[in-house]
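Visitor: this one's structure only:
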Ligand code: NAD
């Protein structure tokens, strides 16, 4: 089946007539076609968005926009199972994760629907013959380049906030995972979103993505993906002075001190690296353990890793396949390097005997005593590979935690209140979790990084500041 682009509430083929094949990561088999968009398709989507921004959508009263987004959220809730099935097949996510993602997209839209009419400006004290006020205005047309790991969630957090702020959106999903977002577009049109407010063009990053980043009709870009591509997007956007939000992943540390509640920590540590087969920007991919409890923690974690089951997404295993052969090969190359450098594999999960041979599988791996400066402890592997590192003192833990070029999320496990706050303030990270990790998805919690993890914040109310521009109005009476 061919899935077309969604422009001005119409389904249209790519103008060049080209398509791309969609592969099921669980078995490596093709099962659908998507439009392969180029510059002309992106241009058509931008024109549709500009017309919406200048028209009914741009003029819509905030309360009305809020009701419309609430309707969309309810419709997405009704379609949760359908969305989850599409997402699971397209990305290889186990069904329970796909269901959580489908629930999350509805929750993001609900959150931002509730925020639309609370986005106040301010008045500023000034000489008495002036009244000065600030108003928050939408950028106009926002571009959204979405990766393949969490299409529904990342759409919810960036497009949800951008629409709520009154922007019209042009979305370029990842070539490996677009189908759930095309379904969301269908649901949005049925819920009454005016033509042009939301447009989706599928295609390759180097073609459709590059065309979107460089298009002078785009007023702001939100990008989630790799640092290399993020840099290209920011450079292209700089050509027409469009501000950019970059969310580029990480090598997030979880720091476990000897006074921590190990029973509470161990299942969370495991989940933080096997969720979505480790293809999570905020995956807890480095585990720093105080030496006094290192052997105990590694023993308990090894048992858990060995008990994980990896298999086809629809069977709802602990760990599904990776997104494509390239990603699977990339993860395997890191593991080969670990072996050749003498880094011990402490444990590995089990691959289902029924897992189709053509699927892109890599069972979860726990690596022990990884030198902190090694590539395995420094680079984003984006697979279910946890690098464990022992440490002795708090200062050493902090120095290792802050030693990568990233700074997205950190987890700190200790009962010592002073240490919790000391480290939370000193660790280089956009989010810090103490005695928990990820905080249940955290729709309400501002999210984003520093260094190679990117800049700008999405999620929470904070995102609305990024998707608006501030105007100051000074009135002399
Ligand atoms: P990528 O950054 O190249 O792709 C992300 C998105 O950017 C996709 O929609 C893609 O089509 C688009 N894109 C690619 N080239 C583009 C360009 N020149 N201009 C504009 N858009 C472009 O990521 P990838 O190649 O799919 O994966 C490579 C690595 O990136 C992974 O191994 C992983 O480490 C990292 N990654 C991180 C995240 C994250 O959430 N932080 C998500 C996906 C991938």
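Guide: That came in fine, so what should we check first? This structure is a prediction, so every number in the text was calculated from the model and none was measured.
Visitor: And the helices in the stretch 1-150 of the chain?
Guide: Shown for the stretch 1-150 of the chain, the helices assigned by DSSP state H, counting those that start in this stretch span residues 39-54, 56-59, 62-78, 80-91, 95-115.
Visitor: what's the closest of those to residue 130?
Guide: For residue 130, the closest of these is helix 62-78, at 26.7 Å, according to C-beta to C-beta. For every residue, glycine as well, the C-beta is placed using N, CA and C.
Visitor: Name the residues of the closest one that come out as buried.
Guide: Residues of helix 62-78 classed as buried: 65-73, 75-77 (neighbour count, 16 or more other C-beta atoms under 10 Å).
Visitor: just stretch 259-274 next, same as before
Guide: 260, 262, 265-266, 268-270, 272-274.
Visitor: Which one of the buried residues of helix 62-78 is nearest to the ligand?
Guide: Proximity of these to the ligand (C-beta to the nearest ligand atom) peaks at residue 76, which lies at 21.4 Å.
Visitor: Domain map for the chain?
Guide: Domains of the chain are assigned by automatic domain parsing as 2-248+454-476, 253-442.
Visitor: would you turn these into a markdown table with distance to residue 448 and mean pLDDT?
Guide: Output for these, formatted as a markdown table (distance: least, C-beta to C-beta, whole Å; pLDDT from 0 to 100):
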| stretch | distance to residue 448 | mean pLDDT |
| --- | --- | --- |
| domain 2-248+454-476 | 4 | 98 |
| domain 253-442 | 5 | 97 |
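Visitor: Specify the stretch among those domains that is closest to the ligand.
Guide: With C-beta to the nearest ligand atom, the closest approach to the ligand among the domains of the chain belongs to domain 2-248+454-476: 2.0 Å.
Visitor: Next, the distance between the ends of that closest one.
Guide: End-to-end distance for domain 2-248+454-476, by C-alpha to C-alpha, to the nearest Å: 59 Å.
Visitor: now the residue most central in space within the chain: how far from residue 422?
Guide: Nearest residue to the geometric centre of the chain (C-alpha atoms, centre = their mean): residue 154, 4.7 Å. Distance, residue 154 to residue 422, using C-beta to C-beta, to the nearest Å: 33 Å.
Visitor: With residue 473 instead?
Guide: Residue 473 is 44 Å from residue 422, by C-beta to C-beta.
Visitor: so does stretch 436-455 get close to the ligand?
Guide: No: using C-beta under 6 Å from any ligand atom, stretch 436-455 stays clear of the ligand, coming no nearer than 8.2 Å.
Visitor: Contacts for stretch 230-248 next, please.
Guide: Identification of contacts with stretch 230-248 by C-beta atoms under 8 Å, 6 or more residues apart in numbering yields 139, 143, 145, 158, 209-210, 213-216, 218-227, 281, 447-449, 452-458, 466.
Visitor: Buried ones among these?
Guide: Restricting these to buried positions leaves 139, 143, 145, 158, 209-210, 213-215, 218-227, 281, 447-449, 452-458, 466, with burial counted as 16+ other C-beta under 10 Å.
Visitor: Counting only helices, which of those make the cut?
Guide: Using DSSP state H, the subset of the buried ones among the contacts of stretch 230-248 located in helices is 158, 210, 213-214, 227, 466.
Visitor: Among those residues, name the ones that also lie close to the ligand.
Guide: 210, 213.
Visitor: Need the buried residues of stretch 259-274 in a markdown table (columns: secondary structure and distance to residue 313).
Guide: A markdown table is the format used below for these (DSSP: H, G, I helix; E, B strand; the rest coil; distance: C-beta to C-beta, whole Å):
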| residue | secondary structure | distance to residue 313 |
| --- | --- | --- |
| 260 | coil | 33 |
| 262 | helix | 31 |
| 265 | helix | 28 |
| 266 | helix | 25 |
| 268 | helix | 23 |
| 269 | helix | 23 |
| 270 | helix | 19 |
| 272 | helix | 20 |
| 273 | helix | 18 |
| 274 | helix | 14 |
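Visitor: quick one, what contacts residue 198?
Guide: So residue 198 contacts 6, 159, 163, 168-169, 171, 185, 188 (C-beta under 8 Å, 6+ apart).
Visitor: what do you get if the cut-off is 7 Å, keeping everything else the same?
Guide: Applying C-beta atoms under 7 Å, 6 or more residues apart in numbering to residue 198 gives the contacts 159, 163, 169, 185, 188.
Visitor: For burial, what's the neighbour tally of residue 129?
Guide: Other residues lying near residue 129 total 8 when counted by other C-beta atoms under 10 Å.
Visitor: what bridges to residue 170?
Guide: Residue 170 has the following beta-bridge partners by DSSP bridges: residue 143, residue 199.
Visitor: Please tell me I have it right and it contacts residue 48.
Guide: No: assessed by C-beta atoms under 7 Å, residue 170 is found out of contact with residue 48, at 8.2 Å.
Visitor: Overlap in contacts, the two.
Guide: Common contacts of residue 170 and residue 48 (C-beta under 7 Å, 6+ apart): residue 199.
Visitor: out of the two, which sits in the busier spot?
Guide: Ranked by neighbour count (other C-beta under 10 Å), residue 170 and residue 48 place residue 170 first, with 32 against 23.
Visitor: if we can go back for a sec, could the helices of the stretch 1-150 of the chain be laid out in TSV, adding distance to residue 363?
Guide: Listed next are those as TSV, based on distance: least, C-beta to C-beta, whole Å:
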stretch	distance to residue 363
helix 39-54	39
helix 56-59	47
helix 62-78	33
helix 80-91	18
helix 95-115	16
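Visitor: can you tell which of those helices is closest to residue 383?
Guide: Smallest distance to residue 383 across the helices of the stretch 1-150 of the chain (C-beta to C-beta): 14.2 Å, for helix 80-91.
Visitor: Measure how far that closest one is from the centre of its chain, please.
Guide: Computed by C-alpha atoms, centre = their mean, to the nearest Å, the chain-centroid distance of helix 80-91 equals 17 Å.
Visitor: Can you name every helix or strand that that helix contacts?
Guide: For helix 80-91, the contact count by 3 or more C-beta pairs under 7 Å, 6 or more residues apart in numbering; DSSP states H and E identifies helix 95-115, helix 151-164, helix 179-191 as packing neighbours.
Visitor: what angle separates the first one from helix 179-191?
Guide: Going back to what we said before, that points to helix 95-115. 40 degrees (axes from the mean of the first three to the mean of the last three C-alpha atoms, to 10 degrees).
Visitor: can I assume residue 302 is in contact with residue 345?
Guide: No: using C-beta under 7 Å, residue 302 makes no contact with residue 345, being 9.9 Å away.
Visitor: Cool, thanks, talk later.
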